[in-house]
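**Q** Sequence and predicted structure are below.
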Amino acid sequence: MWFEVSGFRLRFSIAEFAVVTGLKCSGQFDESTLTSLDNNDLIKKYFNNSSKVSREAITTCFLGQRADCDEDAVKIAILYVIGLFLFTSPKEKFIRESYVAVVNAGLWELYPWGKDLFDITLQNLKGRLVRADTIKSDYFFYRILGFPLALQVWFYECCDFCDGVFASRSGSLVPRILSWHSSVPLTFKKLNMELLCLSASQLKLHNLVLSDVEKESPELDALFAANILRPQSVPSTSNAGEV
């Protein structure tokens, strides 16, 4: 997806998403090797062998420290992060069965969580933009599902003007989301007065490039090589994923 800001095109692809979040965004995972919930030890021990695992049940189990061994404690903590911080759609009260199976099998480091989360974020964002004309004029915001924080940090990384104005960078950590913090609420008034009226040169806009440390990651290097696309080659129609 391309965003045009003050005449400058910024790219937000799965490669940028991976750099910002640090989540695994490449590779294939064979879910056919996973056991069903009927044979899931974690479900049997902590969730009453339920056919579905809710966010509420995971929260109760995690905060109640019910795990009877360190290995199970780690698995429950990972389910808590997945259900309460990554995949947080208010319409879905239950954790996807395959995600629970991945965690139970101890294969969470191999699963491409970033691919799923990027797809959810991108599709939801595109849907909101398509429906933008139908939103009432007195609405000042709409909810984006997925991981919109990655989109926000990505823009900070692409717009050097933001550093010290809307948020502050602390070092050059990997993943990049760890480098940014803000204690001041961001308002539309502040954006209108201090950002949207500026030119591309004033905003110091640029697309992301890998740091020397990030280039040492074969996964990130391959993602950028596979997704590289020059702004001038992007068609000037909305079908190209532009906003």
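**A** Structure received.
**Q** The top helix by length along the chain - contacts with which helices or strands?
**A** Criterion DSSP state H: the longest helix present in the chain is helix 113-130. Identification of packing neighbours for helix 113-130 by 3 or more C-beta pairs under 8 Å, 6 or more residues apart in numbering; DSSP states H and E yields helix 14-21, helix 148-158. To be clear about C-beta, it is placed using only N, CA and C from the backbone, and glycine gets the same treatment.
**Q** Among those helices, which comes closest to residue 6?
**A** Taking C-beta to C-beta, helix 148-158 is the member of these nearest to residue 6, at 11.9 Å.
**Q** Okay, angle between the closest one and helix 113-130 too, please.
**A** Going by axes from the mean of the first three to the mean of the last three C-alpha atoms, to 10 degrees, helix 148-158 is angled at 90 degrees with respect to helix 113-130.
**Q** Strands of the chain, residue ranges please.
**A** 2-5, 8-11, 53-54, 94-95, 168-169, 180-181 (DSSP state E).
**Q** So which residues of the protein form helices?
**A** Residue ranges of the helices in the chain, as given by DSSP H, are 14-21, 41-46, 55-63, 70-81, 97-104, 113-130, 148-158, 188-194, 200-203, 212-215, 218-227.
**Q** Mind listing residues that contact the longest one?
**A** Among residues not part of helix 113-130, those counted as contacts by C-beta atoms under 8 Å, 6 or more residues apart in numbering are 1, 14, 17-18, 21, 23-26, 82, 86-87, 89, 142, 144-148, 150-151, 241, 243.
**Q** Please check the residues you listed and keep the buried ones.
**A** Using 16 or more other C-beta atoms under 10 Å as the burial test, those include 1, 14, 17-18, 21, 23-26, 82, 86-87, 144-147, 150-151, 241 as buried.
**Q** sorry, back to before: buried ones in the longest helix of the chain?
**A** 113-118, 120-122, 124-125, 129.
**Q** Likewise for stretch 202-210?
**A** Neighbour-count burial for stretch 202-210 flags 203, 205, 207-208 (criterion: 16+ other C-beta under 10 Å).
**Q** nearest to residue 40, of those?
**A** Residue 40 lies nearest to residue 208 out of the buried residues of stretch 202-210, by C-beta to C-beta, at 39.3 Å.
**Q** For the closest one, give me its contacts.
**A** 11, 15-16, 19, 154, 157-158.
**Q** From residue 179, how far out is the nearest residue to residue 98 once chain neighbours are set aside?
**A** In space, and not counting its chain neighbours, residue 98 is closest to residue 31: 5.3 Å by C-beta to C-beta, 6 or more residues apart in numbering. Plainly put, residue 31 is 34 Å away from residue 179 if you go by C-beta to C-beta, to the nearest Å.
**Q** pretty sure residue 16 is touching residue 154, no?
**A** Yes: with contacts defined as C-beta atoms under 8 Å, residue 16 counts as touching residue 154 at a distance of 5.4 Å.
**Q** OK, contacts around the residue sitting nearest the centre point of the chain?
**A** For the chain, residue 147 is the residue whose C-alpha lies nearest the centre (C-alpha atoms, centre = their mean; 3.6 Å). For residue 147, the contact set (C-beta under 8 Å, 6+ apart) comprises 17, 21, 86, 117-118, 120-121.
**Q** ok, now residue 190?
**A** residue 166.
**Q** Next one: it from residue 213, what distance?
**A** 32 Å.
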